[in-house]
Every structure is written in structure tokens, then in C-alpha cells.
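>>> Fold the following for me, if possible:
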Amino acid sequence: MTPVISTHLAIATPAGQPLHLVHNRTFHEMALGDTATLQRTLTTHDIELLSVVASNTSQKKSDGAHAAGHHDPIAHSVWGSSMITALLDTRLPGTGTVLLNQQLQFLVPIKLGDTLTLTMTIRALDAANKQVTLSCSSCNQDQEEVIRGEVTVIAPELKIDYLSASMPTLHFLDGAQRLLDHVRALGSIRVAVVHPCDALSLSSAIDAQAAGLIVPVLIAPLAKLNAVAKEAGLDLTGLEIVDVEHSHAAASRAVELAHAGQVEALMKGSLHTDELMGAVVASGTGLRTARRISHCFLMQTPAYPRPFIITDAAVNISPTLEGKADIIRNAIDLAHAIGVAQPRVAILAAVETVNPGMQSTLDAAALCKMADRGQIAGALLDGPLAFDNAVSMAAVKIKGIVSEVAGQADILVVPDLESGNMLAKQLEYLGGAECAGIVLGAKLPIVLTSRADSRESRISSCAIAVLLAHRNRKNAP
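Below is the predicted model of the structure:
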């Protein structure tokens, strides 16, 4: 069977981490003798990844590939050479570099746990062809030279700057486990699980408890709940159960528990979203705040270098300008909770210019002005931006867009629910994205998952709810 790497959500840059502006270097900015270094440690995670990329099922963490005379797993030589590619792409010359030739000698095996320090130095410059030749030397922690050689590249033509802190500090492979490890340290929260009367929603609540995230309070008709548990082979022993007549009563009871401070989050079970949200927004008895309630997808796709938020793709069908302002505020709060100190918000439309015939572009311009006047705070806003301009630096350069947001957005604000839902589902099913869903703007976070969502997505959504609940203990909405 072909190995599969699971790509789940990771924590973004920690709040308060300084943002460092990184520059690439064009040919005319380089000189003979210029150097750059990069240091990395080989982990079992790296070996697994390289095995999958190389379609080599024999070199996995469990058994490893053992070089003659060695008892530790040995990395493919490509791991060492990948450091060279990484240094070329990120430091010297940087983004936009084209590799032409690579001649390397591998002198010493690279073992699990080895720390390699790579140094690259410019030794020749060809002005006619804008080519740069660099010598390479990589040494391990014992100062043994592991790799020696040289590479020839074409230097970048365009000057490109980017913020280094926009990269996630917890990497995406095995990110679900890393996310859980981070959140588990905060402590579990009591969660009202509303009508978990199918195997997936009930097992997800039990799994989230086993992961140390939540203490579930199951609110459902007891007979129906027991029948589902029996059929699915799930043990309800020790779980708190609130017996109610039907799904509508389950939603109402969950809201009552929230009002009484007995739970810190809600989790949707097998009932319809409208049924749960109707109880949440009910006048007088609901959980509304002064802010409009909205949904956020926290997503990551292999094609984009950081987690990002799509909003609103589940609650607000066709939001007004005022509604969009609250949708953005909610998304900013989520970005802050996951560690993005100053998120970049791209307000999407079909075009990147204001068109009086397109309401989405007028709203985008107005929202940006609201941010300028302090009505929306805690983030950088720009719009209207077409989708390519929001996420692709190449598209930004081609179109000559000058923006602190374009090409590197952390939050994508869609014009309406239909466009947001289609975008999120396309990324998930065709783009290999993983996602977590959460509702904000109420007095507590609401885990609002789809019946088609995976177990991993549901648990990741619970982890985000834990982050928000602990945040609410300090700053109640």
C-alpha cells in the first residue's frame, strides 16, 4: 500500500513574535565571497516524508534504511541536497532563483539526529547570463564534512520582499498531533454536544475527550443515544448525559447550560445547523452578543505556505456591509487566538479594482476605509482583491499591485456564503486541504461541522474551540 501523509492544521506564528522582512537578491546585488548558512537536524519525520516522496516504502521510521556498518536510519542523500535548495530559495539569492546545475559529493552518511550546517559562498558571477556559481560545504555536529560541491543558478530578475514570520512555526505534516499537543497543555473544557445521535458525531465527542480536549456533556434522547452507541460499539460509561425529548429540545438545553456557565463551548451533533443556530440566536434566551455571528474555516493546503481562514461560508448568506465588518472582526479574533499577531485580510471579489456595478468591490473599499479609521482593528486590510492576487505573489508582481496583504493573505473574506462554501469545498476536495470549522460572535465558541467532515476535522475543530474558550476566560465576548 502506498504511504499516505496526513496534512492537518498547525499553529501559526506565536503572538508577539517580531516580523522580519526578508529580501531576495538580484544579480547586481551580489558580490564574490558573499555567503549564507542554514542549519537543520534530521528527524524520523524527515525520513518518513522523504520515503513517501520517493515512493520508497522500505525506508520508514519503523524500520529505517541502514547503511553498511551503521545501526541508525540513514537519510536519502536528497535530504542533504534539499538544504541546498532551501538556502537558494530563501536566502542566497532567494525567491525567484532558477537552479541550472548541481554537482555534489556525499562524503559521510547522514544519521538520524545529525545536525548539519550548510555554508554556501559565491565564487563566480557571469554578468552576461545573470548566472551565479556557489560553492557548497555541509558539516555535521562533529565538524565532519558531509557534503561538498557547487551549484550554478540564474539570479532572480525581480526584487521580492516577504515577512518571515508569516510562516507557521509548527509544520504541517502531522500538524493535527502538534495542534493537539499544544492545546492539551491548556486543559480541557466542558462542551455541550448537541444531539450526537449518529456514530460519527458521538465518536468524535468521545475521541475529543480521549485527546484531552473536552469534557463532553451529551444532550440527546437517552434511548436514541444508547441505541447509536450500541450499534457503533461505543462505551458511554462515565459520560454525563442530559436526556431530552428531541433535537430541538437538545439545542435549547445546550443554550441554557451555556447561559448558566456550565459549559464553555457548544458542539453540533447530528441535528440541522438551522436548528442549533436558531436556539443560539433566539431573542432573549440565546447567546448573541453585540457582534454578528459568523463562521470561519481554518484551512491549510499543500499549495500555500501557512494556515489561512475563509469566512463566511456557513452562516451568513448575503451579508451587508455592517455584517461583513463583524465577519472580519470575528476572523481577526480567531487569527489572534491561533497566534497571528497582525493578520493580513484580503477582501475578495472577481476583480481587484472598484467597480460601481459590483457591490462586492464597493463593500471591500468601504471596509478598508473603516480599517483606516479604526473601526476594524488588529489587522491589515486590503481589497477588492481577486483570489489569485490574494494568495499568489507571482500574480501580484505581474499585475503590479502594491499591497501589504496581496499574495500573502491570512484571512480570505468572501462576498457571500455561496462563493465561500464553494471555495472551501474546492480546496478540500480538489486541493488536498484540511480544515476546521468554528462559529464566532456568540458568547462562546461553537463547533459547527458538516455531516461529511472527517474525524480529524472534528477533533481539530474542538482544539480551536479550546483555544477560544481559554481566550474567553480572560476576555469575555
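
>>> C-alpha from now on. contacts and neighbour counts both.
Will do.

>>> Quick check, central residue of this structure?
Central residue of the chain (Cα atoms, centre = their mean): P307, 2.3 Å from the mean position.

>>> Leaving out the residues flanking it, which one is nearest to it?
In space, and not counting its chain neighbours, P307 is closest to Q300: 4.7 Å by Cα to Cα, 6 or more residues apart in numbering.

>>> what's the spacing between the one you found and A424?
Going from Q300 to A424 by Cα to Cα, to the nearest Å gives 10 Å.

>>> And those two? Which one has more around it.
Counted by other Cα atoms under 10 Å, Q300 and A424 do not tie: Q300 has more neighbours, with 25 against 22.

>>> just checking, that one touches A433?
Yes - the criterion here is Cα atoms under 8 Å, and Q300 meets it with A433 at 5.4 Å.

>>> Now for these two: what residues contact both?
The contact sets of Q300 and A433 do not overlap (Cα atoms under 8 Å, 6 or more residues apart in numbering).

>>> on that earlier part again, give me the distance between the residue nearest to P307 and A390.
In this view, Q300 and A390 are 15 Å apart by Cα to Cα.

>>> Kindly report the same for E456.
28 Å.

>>> Next: R373.
Distance, R373 to A390, using Cα to Cα: 23 Å.

>>> Tell me if I am right that I459 is in a strand.
No - I459: not assigned to a strand; according to DSSP: H, G, I helix; E, B strand; the rest coil it is helix.

>>> got the contact list for it?
Shown in contact with I459 (Cα under 8 Å, 6+ apart): S204, D207, A208.

>>> can you put those in TSV and add distance to V340 and pLDDT?
Listed next are the contacts of I459 as TSV, based on distance: Cα to Cα, whole Å; pLDDT from 0 to 100:
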residue	distance to V340	pLDDT
S204	28	90
D207	28	90
A208	25	91
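
>>> need the contact list for Q262.
Going by Cα under 8 Å, 6+ apart, the list of residues near Q262 reads R190.

>>> circling back: so R373 and A390 - more neighbours on which side?
Set R373 next to A390 and count neighbours by other Cα under 10 Å: A390 wins out with 28 against 10.

>>> In contact with that one, which residues?
A390 neighbours (Cα under 8 Å, 6+ apart): A346, L348, V405, A406, G407, Q408, A409, L412.

>>> Run through the bridge partners of the last one.
Looking back up the chat, that one is L412. L412 forms beta bridges with I310, A346, as assigned by DSSP bridges.

>>> what about it, how many neighbours?
There are 25 residues near L412, going by other Cα under 10 Å.

>>> now do the fifth one
The burial metric for G407, expressed as a neighbour count using other Cα under 10 Å, is 23.

>>> from memory it sits against A386, does it?
No - in this structure G407 lies outside contact range of A386 using Cα under 8 Å: 10.3 Å.

>>> Which residue ranges of the stretch 301-450 of the chain form helices?
Counting by DSSP state H, counting those that start in this stretch, the stretch 301-450 of the chain has helices at residues 321-337, 359-372, 387-391, 393-399, 417-429.

>>> Would you mark the buried spots in the third one?
Neighbour counts using 16 or more other Cα atoms under 10 Å place F387, D388, N389, A390, V391 of helix 387-391 among the buried residues.

>>> close enough to count as contact, the second one and I398?
Going back to what we said before, that points to D388. No - D388 is beyond contact range of I398, at 10.9 Å (criterion: Cα under 8 Å).

>>> Farthest from the middle of this structure: give me that residue.
A128 (42.5 Å).

>>> what helix or strand does that residue sit in?
For A128, there is no host helix or strand (DSSP states H and E).

>>> do A250 as well
A250 belongs to helix 247-259, assigned by DSSP H and E.

>>> Any chance you could give me that helix in PDB, C-alpha atoms only?
C-alpha atoms of helix 247-259 as PDB (Å, rounded to 0.1, in the frame of the first residue of the first chain):
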ATOM      1  CA  SER A 247     -33.200  17.600  18.800                       C
ATOM      2  CA  HIS A 248     -34.900  21.000  19.200                       C
ATOM      3  CA  ALA A 249     -35.000  20.400  23.000                       C
ATOM      4  CA  ALA A 250     -31.400  19.400  22.900                       C
ATOM      5  CA  ALA A 251     -30.400  22.800  21.300                       C
ATOM      6  CA  SER A 252     -32.500  24.700  23.800                       C
ATOM      7  CA  ARG A 253     -31.000  22.800  26.700                       C
ATOM      8  CA  ALA A 254     -27.400  23.400  25.500                       C
ATOM      9  CA  VAL A 255     -28.000  27.100  25.300                       C
ATOM     10  CA  GLU A 256     -29.400  27.000  28.900                       C
ATOM     11  CA  LEU A 257     -26.300  25.300  30.100                       C
ATOM     12  CA  ALA A 258     -24.200  27.900  28.400                       C
ATOM     13  CA  HIS A 259     -26.100  30.700  30.000                       C
END
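
>>> and the helix or strand following that helix, average pLDDT?
Using DSSP H and E, the helix or strand that follows helix 247-259 in sequence is strand 265-268. Strand 265-268 comes out with an average pLDDT of 95.

>>> Equivalent analysis for stretch 116-126, please.
Average pLDDT, stretch 116-126: 93.

>>> in what helix or strand does the residue nearest to I241 when sequence neighbours are not counted lie?
Excluding its sequence neighbours, the residue lying closest to I241 (Cα to Cα, 6+ apart) is L218, at 4.7 Å. Secondary structure assignment for L218, by DSSP H and E: strand 214-220.

>>> How is this protein divided into domains?
Annotated domains of the chain cover 25-159, 177-275, 290-441 [automatic domain parsing].

>>> which of the residues in the longest strand seen in the chain are buried?
Assignment by DSSP state E gives strand 115-126 as the longest strand of the chain. For strand 115-126, the neighbour count (16+ other Cα under 10 Å) marks T115, L116, T117, L118, T119, M120, T121, I122, L125 as buried.

>>> just stretch 24-34 next, same as before
Neighbour counts over stretch 24-34 (16+ other Cα under 10 Å) mark N24, R25, T26, F27, M30 as buried.

>>> now the residue nearest to P307, which residues is it bridged with?
Here Q300, judged by DSSP bridges, has bridge partners E434.

>>> Tell me the pLDDT of it.
Looking at Q300, its pLDDT is 84.

>>> now swap in L107 and tell me
As predicted, L107 sits at a pLDDT of 90.

>>> Tell me which residues touch it, please.
Shown in contact with L107 (Cα under 8 Å, 6+ apart): E145, V146, I147, R148.

>>> switch the cut-off to 7 Å
Contacts for L107 (Cα atoms under 7 Å, 6 or more residues apart in numbering) come out as E145, V146, I147.

>>> any idea how far I464 is from E240?
Taken as Cα to Cα, the span from I464 to E240 is 22 Å.
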